[in-house]
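Peer 1: Sequence first, then the predicted structure:
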Amino acid sequence: MESHIYVLGGFGLLILLVAWFPIFIRNLPLTLPIICLAVGYAIFAVAGEEGLNPRDYPAALTFLTELTIIVSLTGAGLSIDKRLRWREWANTARLIGLAMPLSIAAIAALGAFFLGLPWEAAALLGAALAPTDPVLAADVRVGPPQAEPEDEVRFSLTSEAGLNDGLAFPFIFLAIGLASHGVGWGAWAWEWLLLDVVWRVAAGCAAGWMVGSVLGNIVYRVRHKIIARTGQGFASLGITFVAYAGAELIHGYGFIAVFVAALVMRRRDNHNEYNHRLYDFTEQAEHLLMMTLLVLFGGSLAGTLLDGLTWPIFAAAIVVLFVIRPVIGMLSLAGSGIYRCERSIVSLFGIRGVGSFYYLAYATNIEDFGEVDTVWTLVTLVVLISIVSYGMLSAPLMGWMDRRREIEAKSLGAQ
């Protein structure tokens, strides 16, 4: 009886932490994810427990990370104000079409040649670490619907994080194929290209578009928008689950479908107040799920999760975060038309997090990748450094960028 009382009390404290603590750290170089990591670590360290190892609970890890990601993707889709036009999404296309595959190749090469991983494990490492995370990127993404004009930095980071989780999946299946069939182009590779790349991406987009269109028409066009006037924000979870399940049932990528559905539904009535209700509930659910995971992650750090850490792995983590992503990001956005300082911020904030753990759990549940211990250790360290470093840098850098933009706007107005 006592154990479940402790769980209830701890969960209640976590909810209060998520709801109230951001007020007190608003002007500090700290974020709620950093606090939750510290809380989780302290709980297990003080209690003298061994800590949780997520690898011992693959089904629970997959479910919790999957749920957190799809809720976050809905929030990202609902938050974007920009129209669905190529010109306005051109920088996103650069980040998805150039930066992500180049980063996957670079990280895989780092794993193979520097850490000595077999190619299937190196490919898994690249696919798991290249995408940016929609959950932890919440601190640098665009605000609520119609809250303010969207700047290119926040929009690029939000749209990139919204799309690349789903579009990284073909590379996860490529790593699984390499582990199953070995390096070499065979019949399995054609199946990967046609099924895992072409069909699953197209099916995810189509399912998301259909769900978003149908639900958007029901909410915003049936009987004088009677459903929208109810203001039931928790309906956002229904949108999330229907889009995800619909795509997965036709073997499409559910992550893509969820983001596309939120985007398309929003555009059925871009300025309706109900968009705010949906977004607000999604954001609250996302924060609660994220903080739960981060407390557990902090607890796992008090255990054996980083026991395999070596200097080469530490060096590889630094290269992934502060060399590969910034350099490839800058090259991908060259000639994009955005200012160099803004391009630098977009390139720097390649935040890794929940998605990387999901991909690892998903792939390792299906196939054996050989030296997977090194992959887990490196991914864990990259996520940890990402949470701490970007958490401390996000507010100062984004604030500096906003102040710089205001000064430029005033100087132009004075002219």
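Peer 2: It's in.
Peer 1: Residue 211 contacts residue 243, doesn't it?
Peer 2: Yes - with contact defined as CB atoms under 8 Å, residue 211 counts as touching residue 243 (4.3 Å). Just so you know, the C-beta spots here come from the backbone N, C-alpha and C atoms, and that holds for glycine as well.
Peer 1: out of the two, which sits in the more crowded spot?
Peer 2: Using other CB atoms under 10 Å as the criterion, residue 211 and residue 243 rank with residue 243 on top: 33 against 25.
Peer 1: Which residue comes closest to the more buried one once chain neighbours are left out?
Peer 2: residue 261 (3.7 Å; CB to CB, 6 or more residues apart in numbering).
Peer 1: Report pLDDT for residue 26.
Peer 2: Looking at residue 26, its pLDDT reads 68.
Peer 1: Flag the shaky bits of the protein, pLDDT-wise.
Peer 2: Low-confidence segments of the chain (pLDDT under 70): 1-3, 25-29, 47-51, 134-139, 141-144, 146-150, 222-231, 405-415.
Peer 1: Helices of the stretch 201-350 of the chain, residue ranges please.
Peer 2: Under the criterion DSSP state H, counting those that start in this stretch, the stretch 201-350 of the chain contains helices at 235-249, 254-266, 274-301, 311-319, 325-332, 340-348.
Peer 1: which strands and helices sit next to the last one?
Peer 2: It stands for helix 340-348. Counting contacts by 3 or more CB pairs under 8 Å, 6 or more residues apart in numbering; DSSP states H and E, helix 340-348 is packed against helix 152-167, helix 325-332, helix 372-414.
Peer 1: Could you dump the ones you listed into a markdown table with distance to residue 92 added?
Peer 2: Shown next, in a markdown table, are the helices and strands packed on helix 340-348 (distance: least, CB to CB, whole Å):
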| stretch | distance to residue 92 |
| --- | --- |
| helix 152-167 | 4 |
| helix 325-332 | 11 |
| helix 372-414 | 18 |
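Peer 1: Please work out which of those is packed deepest.
Peer 2: Greatest average neighbour count among those goes to helix 152-167 (a mean of 26), per mean count of other CB atoms under 10 Å.
Peer 1: Tell me how far the closest residue to residue 402 other than its chain neighbours lies from residue 140.
Peer 2: Using CB to CB, 6+ apart and skipping residues adjacent in sequence, the residue nearest residue 402 is residue 151, 7.9 Å away. With distances taken as CB to CB, to the nearest Å, residue 151 is found 11 Å from residue 140.
Peer 1: Equivalent analysis for residue 16, please.
Peer 2: For residue 16 relative to residue 140 (CB to CB), the value is 25 Å.
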